Structures are given as structure tokens and as C-alpha cells.
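Engineer: what follows is a protein structure lacking sequence information:
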């Protein structure tokens, strides 16, 4: 009877602020568990829990040396935990930045701008594909790529087919790297991408394809690859590679992934003019 009365008193003492507090903490813990699930952070978290259990046991058994170590080393353990969980913390903050209200405050690029950018990129990669000129075009989405852009040369210019074709021209000093596109802006060229290890079931991959997969495994970016050996265009997203895309399929996939405006219809191919000659395959609606 006393237990039921205690429970009733406890329930009556709970206010709406307590409910909000518990709900927020529960959601944060749930999101934390989702972030670390299937990662090495699970083992690290188990190790921290073991250390915490040892600290409690030392306090209960009055083990003075262990008590002193944990009392004076708690700050170091906290800093070590932050360092060890750095990738997970970075992912958590990145996901907070992806929330719709936050993105709305920061501003988003319109669907028409994205569609125009996609058209210009298709102009370039189709021309490069016909010339069998290798290329790597990276679209930044919600995960920032400033660290990758810093490895190349800053451009901060409008995305045009002619500019992309010139950057990947074999005699260009930036042709071996990747270009980074943020919205309608080409922010950097000649960038170095992280290489992915050979993945089972994917087969033999060149350096460009491995670099594209390596970047998409670390974030949500979309990468276009033009093979120098075959001239085929491939698209990398979420660690998966899709090969052999023509202009129309490529246009649809990119607009879907980047949130551009679908206008319908086929993409028409016209010549792309470049100084010193004509490069074929300019796409317009």
C-alpha cells in the first residue's frame, strides 16, 4: 500500500517541464544510439561503461588508490572520450545542421538553379566522355566539403560547361583532381579525394572510381566520374556506383538526388564550342 501511495505522490509531482525534459533526453539518447550503431564507437562506449563500473566499485569498496585515480583523472577521461568519439560527434552536429528549420535559416538553393547547374555539368561530362577525358565532379549536398576544397585551388565561379571542359583538359594543371560544386557555384578544382578500399562485389576499379566511392562513404555528396579508359560516365552516391549513364538518365538521377526542378522531356545534344576547336555534346532542353 505504501508503495502505491509513493508512486501516486511521485506521479502528482511530475510537471509538464519534467515531461519535456525526459522526452528531449530520450530523443537525444535514441539518436546517439542510432549514430554509433554498427560503428567502432560501440566498443568504445562499452569500455567507458566498464571504467565507470570500476569507479563505482572502487567508491563502494573504499579503494583509496582507485578513488584517487578516477577523481583526478576524470577530466582526462572526458577529453579522451571526446577525441575517441570525434567522428560520431561530427556526424551528430552534421545531422543537426540538416534539420529543415536550420537549413531554412541558412538559405537553400532553388530548384531552378540546381537544374541549370546540372545541365551545365551534363554538357561538360558528355563532351569529356566522347573525348575519353577523365573527370571527377563532386556535388556538395548537406555535408560540407570545405576540408576537401582546401586541397585544391579556389575558383568560386559560376558552373558552366566550358569552364569544366577547360579544367579537365589533359594539359590543364588541374585536370587530375576533382572539382567541388556547391549549389550554382564551382568552389574549387584540382581537389584530392580520399580513396576507398577495394569493396567486395564491386570488381576492379580505377583511382577515380575509388576516390569517388571513398568520398561518398564519408558523407552524402554525389560524384560524377568520366572514365579515361572507356569514356563511360558513372555516378557515385552513398557508397554505390552506377555505370553507363546517358545524358537523360544522368539528368533525372542528379535532379532527384540534388533536389532540382524536373521539367520533363529529353535532353538534346548540341555541340560544345571550345577555343581551338569544337567539343561535341552540349546538352540543352
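Structural biologist: Arrived safely, thanks for sending. Keep in mind it's a predicted model, so treat the numbers as computed, not measured. Numbers count the residues shown, from 1 in each chain.
Engineer: ranges for the strands of the chain?
Structural biologist: For the chain, applying DSSP state E gives strands covering 135-140, 153-158, 178-182, 185-191, 222-226, 233-237, 240-242, 268-274, 277-284.
Engineer: would you mark the buried spots in the second one?
Structural biologist: By neighbour count with 16 or more other Cβ atoms under 10 Å, strand 153-158 contains the buried residues residue 155. Where C-beta positions appear, they are placed from N, C-alpha and C, glycine not excepted.
Engineer: what do you get for the third one?
Structural biologist: Residues 178, 179, 180, 181, 182 are the ones in strand 178-182 that count as buried (16+ other Cβ under 10 Å).
Engineer: redo the strands of the chain as a markdown table? Include mean pLDDT.
Structural biologist: Output for those, formatted as a markdown table (pLDDT from 0 to 100):
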| stretch | mean pLDDT |
| --- | --- |
| strand 135-140 | 92 |
| strand 153-158 | 90 |
| strand 178-182 | 92 |
| strand 185-191 | 91 |
| strand 222-226 | 92 |
| strand 233-237 | 90 |
| strand 240-242 | 85 |
| strand 268-274 | 50 |
| strand 277-284 | 44 |
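Engineer: output the ones you listed in TSV; the columns should cover distance to residue 81.
Structural biologist: Output for those, formatted as TSV (distance: least, Cβ to Cβ, whole Å):
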stretch	distance to residue 81
strand 135-140	30
strand 153-158	36
strand 178-182	33
strand 185-191	32
strand 222-226	33
strand 233-237	33
strand 240-242	33
strand 268-274	53
strand 277-284	51
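Engineer: tell me which of these is the most buried.
Structural biologist: strand 178-182 (a mean of 27; mean count of other Cβ atoms under 10 Å).
Engineer: ok now that one, how far from the chain's centre?
Structural biologist: Strand 178-182 sits 13 Å away from the centroid of its parent chain (Cα atoms, centre = their mean, to the nearest Å).
Engineer: now the angle from that strand to strand 135-140?
Structural biologist: 30 degrees (axes from the mean of the first three to the mean of the last three Cα atoms, to 10 degrees).
Engineer: strand partners (parallel or antiparallel) of strand 178-182?
Structural biologist: strand 135-140 (parallel), strand 185-191 (antiparallel) (DSSP bridges).
Engineer: so for residue 207, which of these sits nearest?
Structural biologist: The closest of these to residue 207 is strand 135-140. By Cβ to Cβ, the value is 9.6 Å.
Engineer: would you convert the strands paired with strand 178-182 into JSON lines that also reports distance to residue 49?
Structural biologist: As requested, the strands paired with strand 178-182 are exported to JSON lines (distance: least, Cβ to Cβ, whole Å):
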{"stretch": "strand 135-140", "distance to residue 49": "37"}
{"stretch": "strand 185-191", "distance to residue 49": "40"}
